[in-house]
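Student: no FASTA, just this:
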């Protein structure tokens, strides 16, 4: 535990920076939400320290199989930072914020075509929404969606380059998959393959399903309000990050299933069909 503590503290600091970033970068954040942000940051830091300093995590998957979590965190950090810079430029524009605004505007207009995830995000907004909010939502959705797509592509590239997950020695399935119960019944490989396919399909569909669900909830009398920049930042970040994270998890589970199957075949080849039949 002591050997893992320094790395866990570094990760906790990064989590705190991620949570408080929009509050620090936006000029008119105010002090109303400061206490809530501090509490969330403290909880995130404590959770990270406990998960990464213990001998076996309870919720964090692929803790000892980098760069899975590093790619996911980098994608979320980049998304929140880009969106924070976009809304920082609304009140206090500078060269950097203008660059992010122009990039978001170009990407948003490019991806904003019929039935695209960005168009569905705009359609989910209630009638009478301020056009400036629609414009900011388009820019934020386009930029965040592009970051999420690049993060998935980058993870797949790293997976191929470094032969993930067995990049450096043995891969402990039970420590890296603490929420996976191997005793639940059925073949482990088939269950991992099934879960991987489900996660991949869900990751592809979520950017399209979430706006539809939000629109349905708004029709029932609970419309979403994205006038607050911080609310918009975290809403759009979650909309783009969660599908990418689930999609990467599906790819990772499929890769682990493939690894276990290869190990089984090697063990079968070493034992031989005659000896294995006698077991």
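Tutor: Looks like it arrived, so ask away. Model, not experiment: these values are computed from the prediction. Residues are numbered from 1 along each chain as shown.

Student: Count the neighbours of residue 224 for me.
Tutor: 16 (other CB atoms under 10 Å). Bear in mind the C-beta positions are built from the backbone N, C-alpha and C, glycine included.

Student: Skipping adjacent residues, who's closest to it in space?
Tutor: Nearest residue to residue 224, sequence neighbours excluded (CB to CB, 6 or more residues apart in numbering): residue 214, at 5.6 Å.

Student: looking at it, that neighbour is touching residue 124, isn't it?
Tutor: Yes: assessed by CB atoms under 8 Å, residue 214 is found in contact with residue 124 at 4.8 Å.

Student: Overlap in contacts, the two.
Tutor: With contacts taken as CB atoms under 8 Å, 6 or more residues apart in numbering, residue 214 and residue 124 have residue 224 as neighbours in common.

Student: coming back round to it: before we move on, which element is the residue nearest to residue 224 in?
Tutor: For residue 214, the enclosing helix or strand under DSSP states H and E is helix 188-219.

Student: Tell me the secondary structure at residue 178.
Tutor: Three-state assignment for residue 178 (DSSP: H, G, I helix; E, B strand; the rest coil): coil.

Student: in this protein, which helix or strand is least confident?
Tutor: Taking mean pLDDT, DSSP states H and E as the measure, the chain has helix 273-277 as its least confident helix or strand, at a mean of 50.

Student: which residues in the chain form helices?
Tutor: In the chain, the helices defined using DSSP state H lie at 5-25, 34-53, 68-91, 95-111, 117-123, 131-161, 173-176, 188-219, 229-271, 273-277.

Student: how about the shortest one: buried residues?
Tutor: Spelled out, it's helix 173-176. Within helix 173-176, the residues that qualify as buried are 173, 176, counting by 16 or more other CB atoms under 10 Å.

Student: same deal with the first one?
Tutor: Of the residues in helix 5-25, those with enough neighbours to count as buried (16+ other CB under 10 Å) are 8, 11-12, 14-16, 18-23, 25.

Student: Low-confidence regions, the stretch 101-250 of the chain specifically.
Tutor: Applying pLDDT under 70 to the stretch 101-250 of the chain flags the ranges 166-169, 221-223.

Student: Recalculate using a threshold of 80.
Tutor: 126-129, 165-171, 173-174, 182-186, 217-227 (pLDDT under 80).

Student: Report pLDDT for residue 272.
Tutor: On pLDDT, residue 272 comes in at 61.

Student: Residue 2 now?
Tutor: For residue 2, the predicted pLDDT is 67.

Student: Kindly report the same for the one 4 residues further on.
Tutor: According to the prediction, residue 6 has pLDDT 90.

Student: any idea how far it lies from residue 19?
Tutor: Distance, residue 6 to residue 19, using CB to CB, to the nearest Å: 21 Å.

Student: Repeat that for residue 198.
Tutor: Taken as CB to CB, the spacing of residue 198 relative to residue 19 amounts to 30 Å.

Student: Would you mind listing the buried residues in stretch 66-76?
Tutor: For stretch 66-76, a neighbour-count test (16+ other CB under 10 Å) marks 67, 68, 69, 71, 72, 73, 75, 76 as buried.

Student: Check the offset of that stretch from the chain's centre.
Tutor: Average the C-alpha atoms of stretch 66-76, do the same for its chain, and the two points are 8 Å apart (CA atoms, centre = their mean, to the nearest Å).

Student: can you tell me the average pLDDT over it?
Tutor: The average pLDDT within stretch 66-76 is 94.

Student: what sits up against it?
Tutor: 14, 18, 60-63, 147-148, 150-151, 154-155, 158, 164-165, 167, 237, 241, 244-245, 248, 252.

Student: repeat that with 10 Å
Tutor: Residues outside stretch 66-76 that contact it (CB atoms under 10 Å, 6 or more residues apart in numbering) are 11, 14-15, 18, 52, 60-63, 144, 147-152, 154-156, 158-159, 162, 164-165, 167-168, 176, 237-238, 240-242, 244-245, 248-249, 251-252, 255.

Student: now swap in stretch 150-167 and tell me
Tutor: So stretch 150-167 is contacted by 62, 64-68, 70-76, 78-79, 168, 171-173, 176, 203, 240-241, 243-245, 247-248, 251-252, 255-256, 259, 262-263 (CB under 10 Å, 6+ apart).

Student: swap in stretch 33-47?
Tutor: Under the contact criterion CB under 10 Å, 6+ apart, stretch 33-47 has outside partners 8-9, 11-20, 22-24, 29, 58-60, 228, 230-231.
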